[in-house]
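Asker: Predicted coordinates and the sequence they were generated for:
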Protein chains: 2
Amino acid sequence: MTYNEKSQRFTLDPWSSDLKVEDYERLCQEFGIKPLKPLLPMIENPPHFLRRGIIFGHRDLELILEAAKKNEPFAVMSGIKPTGDFHLGTLLTMREIIYFQKAGGLAVYCIADIEAYEDNNIPFDESRQIAIGNIADALALGLDPKRAYIYRQSKERRVKDLAYLFGRGITLSTITAIYGERHLGLYMSALIQVADILLPQLKDLGGPKPTVVPVGIDQDPHIRFARDVAHRFHEKLGFIPPSSTYHRIMRGLDGSPKMSKRNPMSYFTLNEDLESIKWKLMNAYTGGRATAKEQRELGGIPEQCCIYELCVFYFVEDDKELLDMYMKCRRGEVLCGDCKIKVVEKVIKFIEEHQRRRNRFIDTARSLIEEEDQKPSYL
Amino acid sequence: MTYNEKSQRFTLDPWSSDLKVEDYERLCQEFGIKPLKPLLPMIENPPHFLRRGIIFGHRDLELILEAAKKNEPFAVMSGIKPTGDFHLGTLLTMREIIYFQKAGGLAVYCIADIEAYEDNNIPFDESRQIAIGNIADALALGLDPKRAYIYRQSKERRVKDLAYLFGRGITLSTITAIYGERHLGLYMSALIQVADILLPQLKDLGGPKPTVVPVGIDQDPHIRFARDVAHRFHEKLGFIPPSSTYHRIMRGLDGSPKMSKRNPMSYFTLNEDLESIKWKLMNAYTGGRATAKEQRELGGIPEQCCIYELCVFYFVEDDKELLDMYMKCRRGEVLCGDCKIKVVEKVIKFIEEHQRRRNRFIDTARSLIEEEDQKPSYL
């Protein structure tokens, strides 16, 4: 997030964010994002990420809940920039996609290889390789390929075409207000991303329908931009402005403000060596006291603890179990070492199982990509 | 042409130019365009537009002349923005294309419908209709479709794809220095145009080869931009920086600095009603004196005369005939009224013949477009 002197406003920059938790509320107010909480009673058996406020805000999510209730068509759309393996952030998004897919939505999942090229200079043959792994990850996590459309931007002529359609009349001040001063290719990939978001509403995919895009708050500029374009092209293509959900961003395991590739101790990938993951977890930042004695007397501070946060976000779905963990820490009944051992066990079990499943899906993922290779493209 | 305060340089703006003849020399010097004259001895039977300095400058035209001499592959590339019928400017370009095609080059001719959309908000179904007429014009003027590749940008996935490839790393300051502050879609159409210019060098079209692009001087920014991209992608795609020729821009028939759609008396189209063309010519600005008596005594001033300029540029190919016309005017032997009648006759004869030929080619043009309609595109 950067502060723009000229407009005296905060700008969300999807490509480099250092957003802090305390900014969420202000951002919601400033950008007109609605809190999720009032919608919770409408949702049957909400999953942990809805119950616990990990998804804290939304735009027009009512449209999705209604469509799901009435068995009317809707879509869930998201994507990944193929620059590396799935990590915890992509895990959360994927769980949201799968949740909405199971609720009856068409899942549209984009491999953003044009963005990877424009933003990170990743050649298309390289991102193609990475994409195979990413798709295997998605399938292993439970994405149902039969009710999903998975594609690479470079091979999807519709999004490439729509970006040209949408570019008309977008002034430099509009685009720099949203994305800052970047290069032309990056702005083009922003238009492609708008096209990705509106793709589920094309005739070929069943026509206009409510579409929810689960994002981190730092991605909201894309959403606002897509909603704006949907309005502009409503008459021509019938678009309904896309809905969105916003999830909190977990801190780095080492206590740093955000998981980041530049800081390997802050995160792990789902495909990482188990010993490496163990090492990172055993060295994670906790809410422990200076000495064991002190901790037994005063209790730990789970609110500060990255291991606890990891459980809230990802690895303890049962609220009772989580509450038990919280209380035992606060009362000083379980110290960090023992707690970590248990959590490590949970995480490693999940990762082992995931990696096994992932391996089984690699061939499916590869043939999906190979099928796409047949589509003509100069990218 | 606009003067940029910041860079203290002149900027050529291909989208709105008020270039005056006297600027040519300075521009050539400033932008490194070479004069054509020294190359003339290398050219066998140069056509009138080369002999008379209508094409006054070039970049790397030697490459083309050499390739033609050695019977090696080369291409000539140009296009038209489908916003209306062929006029005198497009006639000149088409004559240049046909000249280079006859010299052995592959002619690549682009209907710039994405530019027409981005720059003029012309819907694609409308530009499609206009394109049929434009193509019929081109064929009627002698473009050989068997050795030409004619396409619409909206249907040519290779140029649409390449624009994404080329957009990487183009900074805002680069693009605004060339084109000024325009909207995003227009910058995208500038990248498409670069792709158009480099298209003849793709593998599918026989691979890298010298390519000449005949343009008005106001189009030089496109050329410089394309040459720059060719350098950047030389390693990956083998591009040779495109060559170019620069022609002078004829004044408006009414003596205004430039033919312009906004001023109907300044120009005519090749498809215009004959009476209307006659009317415009009979009212054209000449180099006549205040009275017939004065003109008989002092002679006329052909250098000032738009009718004479029309003959130099388009309608008198024989140098002797042109010289005769010039001398008779200077000597006061022929007055403007009589001269105009003769020129009108010549022009009308050409236009009549062209319109007949054009009608015969409409079906060919339509089936060419209909064939292209089959190509999938969301534009």
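Answerer: Happy to help now that I have it. Numbering: from 1, shown residues only, chains lettered A, B, ... in the order given.
Asker: mind listing what the nearest residue in space to A:Y267 that is not next to it in sequence touches?
Answerer: Leaving out its chain neighbours, the residue that sits closest to A:Y267 by Cβ to Cβ, 6 or more residues apart in numbering or on different chains is A:M259, at 3.7 Å. Every residue, glycine included, has its C-beta placed from N, CA and C. For A:M259, the contact set (Cβ atoms under 8 Å, 6 or more residues apart in numbering or on different chains) comprises A:87-89, A:249-253, A:266-267.
Asker: and the least confident of these?
Answerer: For the contacts of A:M259, the model is least confident at A:I249; its pLDDT is 86.
Asker: what's the nearest residue to it if we skip its chain neighbours?
Answerer: A:G216 (5.2 Å).
Asker: if I look at that neighbour, how far off is A:T245?
Answerer: Per Cβ to Cβ, to the nearest Å, A:G216 is found 10 Å from A:T245.
Asker: Those two: which is more packed in?
Answerer: More neighbours surround A:T245 than the other of A:G216 and A:T245, with 25 against 19 (other Cβ atoms under 10 Å in any protein chain shown).
Asker: buried ones in the helix or strand encompassing that one?
Answerer: Element membership of A:T245, judged by DSSP states H and E, is strand A:243-247. Residues A:243-247 are the ones in strand A:243-247 that count as buried (16 or more other Cβ atoms under 10 Å in any protein chain shown).
Asker: Note down every partner strand of it and its orientation.
Answerer: strand A:55-59 (antiparallel), strand A:211-216 (parallel) (DSSP bridges).
Asker: can you pull out the strands in chain A?
Answerer: With strands called from DSSP state E, chain A shows them at A:2-4, A:9-11, A:34-35, A:55-59, A:75-80, A:106-111, A:148-152, A:211-216, A:243-247.
Asker: Make TSV out of these and add mean pLDDT and distance to B:R182.
Answerer: What follows is those, written out as TSV (pLDDT from 0 to 100; distance: least, Cβ to Cβ, whole Å):
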stretch	mean pLDDT	distance to B:R182
strand A:2-4	49	22
strand A:9-11	49	23
strand A:34-35	92	36
strand A:55-59	94	31
strand A:75-80	97	29
strand A:106-111	98	29
strand A:148-152	98	30
strand A:211-216	96	30
strand A:243-247	96	30
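Asker: can you redo these as JSON lines with distance to A:Q193?
Answerer: Formatted as JSON lines, these follow (distance: least, Cβ to Cβ, whole Å):
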{"stretch": "strand A:2-4", "distance to A:Q193": "20"}
{"stretch": "strand A:9-11", "distance to A:Q193": "17"}
{"stretch": "strand A:34-35", "distance to A:Q193": "23"}
{"stretch": "strand A:55-59", "distance to A:Q193": "16"}
{"stretch": "strand A:75-80", "distance to A:Q193": "8"}
{"stretch": "strand A:106-111", "distance to A:Q193": "8"}
{"stretch": "strand A:148-152", "distance to A:Q193": "13"}
{"stretch": "strand A:211-216", "distance to A:Q193": "10"}
{"stretch": "strand A:243-247", "distance to A:Q193": "13"}
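Asker: Who's the closest spatial neighbour of A:L165, skipping the chain neighbours?
Answerer: Nearest residue to A:L165, sequence neighbours excluded (Cβ to Cβ, 6+ apart): B:L379, at 6.4 Å.
Asker: quick one, what contacts that neighbour?
Answerer: Counting by Cβ under 8 Å, 6+ apart, B:L379 touches A:161, A:164-165, B:113-114, B:117, B:124, B:154-155.
Asker: Pick out the most distant pair among the residues you listed.
Answerer: A:L165 and B:K155 (14.1 Å; Cβ to Cβ).
Asker: what bridges to the residue nearest to A:I249?
Answerer: Listed beta-bridge partners, A:G216: A:H247 (assigned using DSSP bridges).
Asker: Distance of it relative to chain B?
Answerer: Separation of A:G216 from chain B (Cβ to the nearest Cβ, to the nearest Å): 25 Å.
Asker: and what of A:A230?
Answerer: 15 Å.
Asker: Contact partners for the residue nearest to that residue when sequence neighbours are not counted?
Answerer: Spatial nearest neighbour of A:A230, excluding adjacent residues (Cβ to Cβ, 6+ apart): A:F239 at 3.9 Å. Counting by Cβ under 8 Å, 6+ apart, A:F239 touches A:198, A:201, A:208, A:229-231, A:233.
Asker: I'd say A:L50 and A:M42 touch.
Answerer: No. The pair A:L50 / A:M42 is not scored as a contact, 10.8 Å apart, by Cβ atoms under 8 Å.
Asker: Looking at the two now, which is surrounded by more residues?
Answerer: Using other Cβ under 10 Å, the more surrounded residue of A:L50 and A:M42 is A:L50, with 20 against 12.
Asker: Most neighbours among the contacts of B:L379, please name it.
Answerer: Going by other Cβ under 10 Å, B:I114 tops those with 32 neighbours.
Asker: Under the pLDDT cut-off, which ranges of the stretch 1-150 of chain A? List them.
Answerer: Scanning the stretch 1-150 of chain A for pLDDT under 70 picks out the ranges A:1-23.
Asker: Contact residues of it facing chain B?
Answerer: Selection of the stretch 1-150 of chain A residues close to chain B by Cβ under 8 Å from any Cβ of the partner chain yields A:114, A:117-118, A:121.
Asker: ok, for A:G32, nearest residue in space, not its chain neighbours?
Answerer: A:R59 (7.6 Å).
Asker: what's the one you found in contact with, if anything?
Answerer: A:32-34, A:223, A:227, A:243-244.
Asker: Stretch A:255-264: how far from the chain's middle?
Answerer: 16 Å (Cα atoms, centre = their mean, to the nearest Å).
Asker: Can I get it in CSV, CA atoms only?
Answerer: The C-alpha trace of stretch A:255-264 is given here as CSV (Å, rounded to 0.1, in the frame of the first residue of the first chain):
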residue,chain,number,x,y,z
GLY,A,255,7.0,-12.6,12.6
SER,A,256,7.7,-10.4,9.5
PRO,A,257,4.7,-8.5,8.3
LYS,A,258,4.1,-10.7,5.2
MET,A,259,5.2,-14.0,3.8
SER,A,260,7.6,-13.2,1.0
LYS,A,261,9.8,-15.1,-1.4
ARG,A,262,12.6,-12.7,-0.6
ASN,A,263,12.5,-14.1,2.9
PRO,A,264,12.5,-17.9,2.8
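Asker: what mean pLDDT does that stretch have?
Answerer: Averaged over stretch A:255-264, pLDDT sits at 91.
Asker: What residues of it count as buried?
Answerer: A:256, A:258-259.
Asker: For chain B, what's its nearest residue on the stretch 1-150 of chain A.
Answerer: Residue of the stretch 1-150 of chain A nearest chain B, by Cβ to the nearest Cβ: A:E118 (5.3 Å).
Asker: how close does the residue nearest to A:Y267 sit to A:F86?
Answerer: On the measure of Cβ to Cβ, A:M259 and A:F86 end up 12 Å apart.
Asker: How about stretch A:363-375 and chain B, any contact?
Answerer: No. Stretch A:363-375 lies out of reach of chain B by Cβ under 8 Å from any Cβ, never closer than 9.8 Å.
Asker: mind listing what's buried in that stretch?
Answerer: Buried-residue list, stretch A:363-375, by 16+ other Cβ under 10 Å: A:365-366, A:368-369, A:372.
Asker: Of those residues, which is the nearest to chain B?
Answerer: Nearest member of the buried residues of stretch A:363-375 to chain B, counting by Cβ to the nearest Cβ, is A:E372, at 14.5 Å.
Asker: Distance-wise, check the closest one relative to B:R157.
Answerer: Distance from A:E372 to B:R157, by Cβ to Cβ: 15 Å.
Asker: Equivalent analysis for A:K342, please.
Answerer: 55 Å.
Asker: More neighbours: the two, which one.
Answerer: B:R157 (18 against 13).
Asker: is it true that the more buried one touches A:S377?
Answerer: Yes. Using Cβ under 8 Å, B:R157 is in contact with A:S377, at 7.2 Å.
Asker: Spit out the residues that contact the two alike.
Answerer: Taking Cβ under 8 Å, 6+ apart as the contact rule, B:R157 and A:S377 both touch A:R157.
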